[in-house]
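K.L.:
A predicted structure for the sequence below; I have some questions about it.
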Amino acid sequence: MQSFPSFELIQGNRDSGMVLLADHAKNSLPQEYGTLGLKESVFSRHIAYDIGVEGLTRQLAARLGVPAVMSTFSRLLIDPNRGEDDPTLVMKISDGAIIPGNHPITDAQWQHRLQSYHRPYHDAVEREITAVAEARGRAPLVLSLHSYTPAWKGVPRPWHAAVLWDNDPRAVRPLIERLAADTDLLIGDNEPYDGALKNDTMYRHCMMKGIPHALLEVRQDLIGDDNGISAWAERLAPIFASLNADPALHEYQRFASRTGPYPAG
């Protein structure tokens with residue numbers, strides 16, 4: 001086994017029928033890459049990982065008793081939430097920060113990062129979704145956790161959290177409704193950006209297979225410390241549980257995506 005594993009599996013009850021994913025949970029790099037030529041301080045920024053998501057994922061997995069798969073490497077190394085054909089898979093510049101260790105990059109190094117980090121993570125996601133489906137006897141509910149910055153290029157983002165999606169509304173609509181039932185929260189629907197990204201994690205593991213899913217983004221300043229993480233875990237756990245218990249979530253449906261038809265069920 002390689003000294004720097006590409007994923008961490010949080011054990012949980014596979015009979016639960018739910019899987020949590022965290023594509024950008026950590027800001028770590030394998031030792032061989034040093035800091036990719038960047039200052040250490042860069043790795044505390046959002047360009048390196050989704051702030052607060054690791055703690056939120058761990059708490060939700062524990063509260064719900066469900067399995068979770070988290071990547072262990074910074075997205076500055078290679079972005080697990082991008083398809084292998086995406087030109088932004090290995091970023092050369094991110095939010096104004098040039099990444100010397102990524103530019104120039106040889107084809108051999110590109111392939112090494114794919115084979116050593118990106119693919120093993122996705123293999124782990126696929127194995128866990130399959131194992132939960134087999135244990136439950138049906139497709140699981142897959143919920144992917146991310147976080148976003150409070151502002152972008154000087155423009156504030158007012159949403160406390162947001163649900164991103166493509167064309168499968170089964171989990172999305174009831175999740176937005178449950179979140180918005182708290183009138184103190186402003187919930188985004190495909191805000192601050194669109195959730196339709198061909199070959200990303202949700203597309204690859206859920207959209208293409210008709211598995212009910214949603215991607216939840218929480219604003220980073222709300223989960224930037226232990227108190228915020230615990231508060232959001234307490235808020236989200238019963239919502240996720242009630243969503244998973246909804247029989248309508250697993251009705252057979254067919255969805256026409258923006259990039260072509262997907263079979264469901």
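P.N.:
Received it, and whenever you're ready, just let me know what you need.

K.L.:
Tell me where the stretch 101-250 of the chain has helices.
P.N.:
107-113, 119-136, 172-180, 201-205, 226-244 (DSSP state H, counting those that start in this stretch).

K.L.:
Figure out which of those is closest to Ile51.
P.N.:
For these, distance to Ile51 was read as Cβ to Cβ. The smallest value, 10.1 Å, belongs to helix 226-244. In this view, the C-beta of every residue, glycine as well, is placed from N, C-alpha and C.

K.L.:
Point out where this protein drops to low pLDDT.
P.N.:
1-2, 251-265 (pLDDT under 70).

K.L.:
what about the strands in it?
P.N.:
7-10, 18-22, 68-71, 93-94, 97-98, 141-148, 151-152, 155-156, 161-164, 187-189, 213-219, 255-257, 260-262 (DSSP state E).

K.L.:
Same list, those, but as JSON lines with mean neighbour count and distance to Ala62 please.
P.N.:
Output for those, formatted as JSON lines (neighbours: other Cβ atoms under 10 Å; distance: least, Cβ to Cβ, whole Å):
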{"stretch": "strand 7-10", "mean neighbour count": "18", "distance to Ala62": "8"}
{"stretch": "strand 18-22", "mean neighbour count": "27", "distance to Ala62": "11"}
{"stretch": "strand 68-71", "mean neighbour count": "27", "distance to Ala62": "9"}
{"stretch": "strand 93-94", "mean neighbour count": "15", "distance to Ala62": "32"}
{"stretch": "strand 97-98", "mean neighbour count": "13", "distance to Ala62": "34"}
{"stretch": "strand 141-148", "mean neighbour count": "25", "distance to Ala62": "14"}
{"stretch": "strand 151-152", "mean neighbour count": "13", "distance to Ala62": "31"}
{"stretch": "strand 155-156", "mean neighbour count": "8", "distance to Ala62": "33"}
{"stretch": "strand 161-164", "mean neighbour count": "24", "distance to Ala62": "20"}
{"stretch": "strand 187-189", "mean neighbour count": "18", "distance to Ala62": "24"}
{"stretch": "strand 213-219", "mean neighbour count": "26", "distance to Ala62": "17"}
{"stretch": "strand 255-257", "mean neighbour count": "13", "distance to Ala62": "33"}
{"stretch": "strand 260-262", "mean neighbour count": "12", "distance to Ala62": "33"}
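
K.L.:
TSV for those, including distance to Glu177?
P.N.:
Putting those into TSV (distance: least, Cβ to Cβ, whole Å) gives the following:
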stretch	distance to Glu177
strand 7-10	28
strand 18-22	18
strand 68-71	24
strand 93-94	34
strand 97-98	38
strand 141-148	15
strand 151-152	26
strand 155-156	25
strand 161-164	10
strand 187-189	9
strand 213-219	12
strand 255-257	19
strand 260-262	24
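
K.L.:
nearest to Arg58, of these?
P.N.:
strand 7-10 (6.7 Å).

K.L.:
quick one: contacts of that closest one?
P.N.:
20, 25, 57-58, 61, 67-72, 120-121, 124-125, 128 (Cβ atoms under 8 Å, 6 or more residues apart in numbering).

K.L.:
ok, back up a step: got the helices of the stretch 101-250 of the chain as TSV, with distance to Val218 and mean neighbour count columns?
P.N.:
Listed next are the helices of the stretch 101-250 of the chain as TSV, based on distance: least, Cβ to Cβ, whole Å; neighbours: other Cβ atoms under 10 Å:
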stretch	distance to Val218	mean neighbour count
helix 107-113	28	12
helix 119-136	20	18
helix 172-180	10	18
helix 201-205	16	22
helix 226-244	6	17
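
K.L.:
Can I get these in a markdown table including distance to Ala48?
P.N.:
Putting these into a markdown table (distance: least, Cβ to Cβ, whole Å) gives the following:
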| stretch | distance to Ala48 |
| --- | --- |
| helix 107-113 | 15 |
| helix 119-136 | 16 |
| helix 172-180 | 27 |
| helix 201-205 | 18 |
| helix 226-244 | 18 |
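
K.L.:
quick one, phi/psi of the nearest residue to Pro158 once chain neighbours are set aside?
P.N.:
Nearest residue to Pro158, sequence neighbours excluded (Cβ to Cβ, 6 or more residues apart in numbering): Leu186, at 5.6 Å. Here is the backbone geometry of Leu186 (degrees, to the nearest 10): phi -110, psi 120.

K.L.:
I appreciate the help and will end here.
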